[in-house]
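**Student:** Dropping a prediction and its sequence here:
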Amino acid sequence: MAKTYTKREFLKMMGLGLVFLPFMGCFDHSGREDREAPEKKSGAEPDAPADELKVTDADILLLSRNDAAYARFNTAFNKRIQQLPKYIAVCKTEKGVQYALQKARSEKLKVAVKSGGHSFEGFSSNNGGMVINLSQMKKITWLDNDEAEVQPGCLLQDIQAAFFPRKRLLPSGSCGTVGIGGLTLGGGYGFFSRKYGLTCDSLLQLTMVSADGRIVHTADDPELLWACRGGGNGNFGVVTSFRFKTHAMPPVFDSYVLKFRNMTAERFESSLRAWFGVSEALPEEAFGAYVLNGKTLTVLLTTYQRYPDFEQQIAPLTALADSTSPTLGADLPKAMKRYYGRKGPIYFKNASAGLYRGSEDILKISDRLFEMVALNPGIVFQVNTLGGKIADPGFEAASCYPHRRLPYLGELQAYWEDPSQEARLTGAFEAIQALFRDSGITAHYRNYPDINFKDWETAYYGRNYGRLQAVKRKYDPEDLFHYPQSVRG
């Protein structure tokens with residue numbers, strides 16, 4: 001019989017001890033292979049495609065299925081998804097990327113791009129095609145005005161390790177193993193987004209290798225930059241560098257973890273009302289997460305600016321909680337490491353549960369939602385605060401991310417230990433998704449995709465999909481970069 005975890009055991013399994021992880025959805029693929037130097041393939045050079053582009057192992061490691069390093073680079077964090085590409089091109093330079101694309105074109109292979117992190121639905125891999133793996137491209141270069149050029153293989157933990165000693169900050173997620181490439185190209189949010197916007201809103205420029213092997217700079221094409229701010233995940237080309245604006249790092253980080261045990265449908269409703277009431281009035285420096293796991297509710301509230309009345313602001317929630325654990329004045333770099341998460345791999349399914357206007361989007365289905373979560377151990381329902389600067393009209397005009405006026409993001413998660421649990425949990429997962437869909441929730445966050453989303457083009461991109469298609473036709477007219485929910489030209 002499959003094991004059912006207590007809340008303490010669940011957190012321990014996630015590598016958190018008793019520390020709460022706000023972004024459970026970061027648990028997708030990022031394994032050891034992303035951080036180790038690759039083994040050299042037998043034979044000095046990869047087999048050359050037509051019109052040979054000369055490369056060495058300083059540019060690319062081209063792995064096929066019989067190579068020793070192939071399995072290591074093809075290990076998925078999500079054990080539910082196993083794919084078998086014909087080639088994995090571990091690229092270390094732009095020239096290596098150009099060679100890989102030339103090889104893919106010559107063999108008429110579809111291409112998926114893995115920038116160093118992971119994908120909930122395995123969109124950064126494929127069966128029978130080519131995967132361009134950028135995990136070895138991890139250079140960070142500091143420029144004038146505290147701007148930084150970052151290669152796509154950097155994980156968030158790499159970026160924080162480089163930025164924090166300089167007292168600089170990039171608004172991004174919390175999970176240390178998330179790759180900056182996928183995060184930025186799909187939007188990117190976290191503790192600092194209500195103050196500074198999405199990760200893509202700090203993106204100033206990028207460099208990309210297009211499907212035909214050209215090196216393209218967004219300084220020459222603002223429309224490409226617009227498209228890659230929220231719609232660039234493996235759609236148009238291979239991004240080889242990002243140029244970011246950075247922000248001053250706050251010195252401290254305050255957090256409050258509230259626990260609600262033995263939840264009932266009535267407590268679920270009352271806590272939801274209180275959480276939305278509190279979160280609507282939070283300052284831009286604050287963040288909130290509401291996480292229902294079985295019959296246990298955990299609420300996280302954070303701020304990185306000292307507000308004398310902050311505890312009074314959150315009192316409607318703390319008055320309902322069974323316990324409140326504050327951590328005040330924590331050193332921010334140390335505090336961020338508490339949310340890095342485990343390194344896997346594990347069985348799971350995560351996806352967007354929709355973006356919401358406010359509490360009524362959930363309260364109208366709260367009884368059935370609570371029952372489905374409570375009766376299915378392993379299912380987690382979460383709501384995170386957006387809003388603040390994310391809704392800035394200037395950011396909206398400069399990016400294709402379409403959901404700026406929806407201040408809350410829902411997330412649905414399922415975790416299991418034994419494959420025999422998958423059918424039950426994914427069945428409950430899909431039933432909850434249907435509950436939201438039937439209640440009119442159809443907008444979704446591209447970085448929390450689901451293969452089963454209907455009309456995913458509108459769900460992710462709203463009215464901007466047609467404009468993205470024009471960018472696709474310009475840079476990838478033959479649909480070389482292709483996965484189940486890639487932009488079609």
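**Tutor:** That came through, no problem.

**Student:** quick one, domains of this protein?
**Tutor:** Structural domains annotated on the chain: 7-26+252-459, 33-133, 140-248, as defined by automatic domain parsing.

**Student:** what's the closest non-adjacent residue to Ala286?
**Tutor:** Thr303 (4.3 Å; C-beta to C-beta, 6 or more residues apart in numbering). Where you see a C-beta, it was placed from the backbone N, CA and C, and this is true even at glycine.

**Student:** Apologies, that question was intended for Gly234.
**Tutor:** Val113 (4.3 Å).

**Student:** Helix, strand, or coil at the one you found?
**Tutor:** strand (DSSP: H, G, I helix; E, B strand; the rest coil).

**Student:** In the sheet, which residues pair with it? Tell me.
**Tutor:** Ile132 (DSSP bridges).

**Student:** Looks like it contacts Ser135 (just checking).
**Tutor:** No: if you go by C-beta atoms under 8 Å, Val113 and Ser135 don't touch, sitting 11.3 Å apart.

**Student:** Those two: which has the busier surroundings?
**Tutor:** Val113 (30 against 26; other C-beta atoms under 10 Å).

**Student:** which residues does the more buried one contact?
**Tutor:** Residues in contact with Val113, defined by C-beta atoms under 8 Å, 6 or more residues apart in numbering, are Ser124, Val131, Ile132, Leu134, Gly181, Gly234, Val238, Phe481.

**Student:** Span of stretch 328-343 from start to end?
**Tutor:** 27 Å (C-alpha to C-alpha, to the nearest Å).

**Student:** cool, and stretch 104-114?
**Tutor:** End to end - C-alpha to C-alpha - stretch 104-114 spans 15 Å.

**Student:** tell me the mean pLDDT over it?
**Tutor:** Summarised as a single mean, pLDDT over stretch 104-114 is 98.

**Student:** same question, stretch 475-489
**Tutor:** Per-residue pLDDT values over stretch 475-489 give a mean of 97.

**Student:** Could you do stretch 357-370 as well?
**Tutor:** 97.

**Student:** With stretch 274-294 instead?
**Tutor:** On average, stretch 274-294 scores 97.

**Student:** what about the stretch 201-350 of the chain, any weak spots by pLDDT?
**Tutor:** Along the stretch 201-350 of the chain, the model assigns pLDDT under 70 to residues 342.

**Student:** can you give me the strands in it?
**Tutor:** Using DSSP state E, counting those that start in this stretch, the strands of the stretch 201-350 of the chain run over 203-210, 215-217, 237-244, 247-248, 252-260, 286-293, 296-303, 323-331, 347-356.

**Student:** a markdown table for those, including mean neighbour count and distance to Thr141?
**Tutor:** Compiled in a markdown table, these are given as follows (neighbours: other C-beta atoms under 10 Å; distance: least, C-beta to C-beta, whole Å):
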| stretch | mean neighbour count | distance to Thr141 |
| --- | --- | --- |
| strand 203-210 | 21 | 12 |
| strand 215-217 | 16 | 16 |
| strand 237-244 | 25 | 9 |
| strand 247-248 | 13 | 18 |
| strand 252-260 | 20 | 27 |
| strand 286-293 | 24 | 30 |
| strand 296-303 | 24 | 31 |
| strand 323-331 | 13 | 26 |
| strand 347-356 | 24 | 33 |
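
**Student:** Let me have the ones you listed in CSV, extended by distance to Arg437.
**Tutor:** Shown next, in CSV, are the strands of the stretch 201-350 of the chain (distance: least, C-beta to C-beta, whole Å):
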stretch, distance to Arg437
strand 203-210, 32
strand 215-217, 38
strand 237-244, 32
strand 247-248, 37
strand 252-260, 27
strand 286-293, 19
strand 296-303, 24
strand 323-331, 35
strand 347-356, 8
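
**Student:** To Gly388, which of the ones you listed lies closest?
**Tutor:** The closest of the strands of the stretch 201-350 of the chain to Gly388 is strand 286-293. By C-beta to C-beta, the value is 8.9 Å.

**Student:** Would you mind writing the CA trace of that closest one as PDB?
**Tutor:** The C-alpha trace of strand 286-293 is given here as PDB (Å, rounded to 0.1, in the frame of the first residue of the first chain):
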ATOM      1  CA  ALA A 286       5.000  42.000   1.000                       C
ATOM      2  CA  PHE A 287       4.000  38.600  -0.400                       C
ATOM      3  CA  GLY A 288       1.400  36.000   0.600                       C
ATOM      4  CA  ALA A 289       0.800  32.300  -0.100                       C
ATOM      5  CA  TYR A 290      -2.200  30.200   1.000                       C
ATOM      6  CA  VAL A 291      -1.500  26.400   0.800                       C
ATOM      7  CA  LEU A 292      -4.000  23.700   1.600                       C
ATOM      8  CA  ASN A 293      -2.500  20.300   1.900                       C
END
